[in-house]
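[1] okay, sequence plus prediction incoming.
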Amino acid sequence: MPQAVRLIFLALLFAVLPLQAADLNATYSPTRGEWLRVTLLSSIQEQSNLWRERVAVVVLIDAKENTASVSITLANGQPEPSPALKERYVQAVRAIAAGILERHSWAKDVKLLVQFV
């Protein structure tokens, strides 16, 4: 009897699991913050892939503070860059991000913070 109970449990488990999966066809509209984060990240990564050193980029959007924070760091194993090179990276990322913010009227008031960590 315990074997039969186990089989019934497994059958029910496999019958219910597909119902719990995410519906990839469901409609979803991202918030402006989510959209801005993805757009900034992809644009910065697209440009930084052309740089000699590999960098990692993290973009955080704080909707309450109306702030976009971008952090840049070198990928694993890269030697520490000079302060001048760090500043060039920061300026390049700031220009990319500022261009995106200026193109969208709803994002013009977003404060932009860019740092090399």
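    Okay, I see it. Residues are numbered from 1 along each chain as shown.

[2] ranges for the helices of the chain?
    2-20, 32-48, 83-103 (DSSP state H).

[3] any idea which of those scores lowest on pLDDT?
    Per-stretch mean pLDDT for these is lowest at helix 2-20 (a mean of 61).

[4] distance of the closest residue to residue 87 other than its chain neighbours from residue 33?
    The shortest distance from residue 87 to any residue other than its chain neighbours is 7.8 Å, reached at residue 116 (Cβ to Cβ, 6 or more residues apart in numbering). C-beta here means a position set from N, CA and C on the backbone, and glycine is covered the same way. According to Cβ to Cβ, to the nearest Å, residue 116 and residue 33 sit 23 Å apart.

[5] residue 107 too?
    10 Å.

[6] of these two, which one has the most company?
    Between residue 107 and residue 33, counted using other Cβ atoms under 10 Å, residue 107 has the larger neighbour count: 19 against 16.

[7] number of nearby residues for the closest residue to that one other than its chain neighbours?
    Closest residue to residue 107 apart from its sequence neighbours, by Cβ to Cβ, 6+ apart: residue 101 at 4.6 Å. Per other Cβ under 10 Å, the neighbour tally for residue 101 reads 18.
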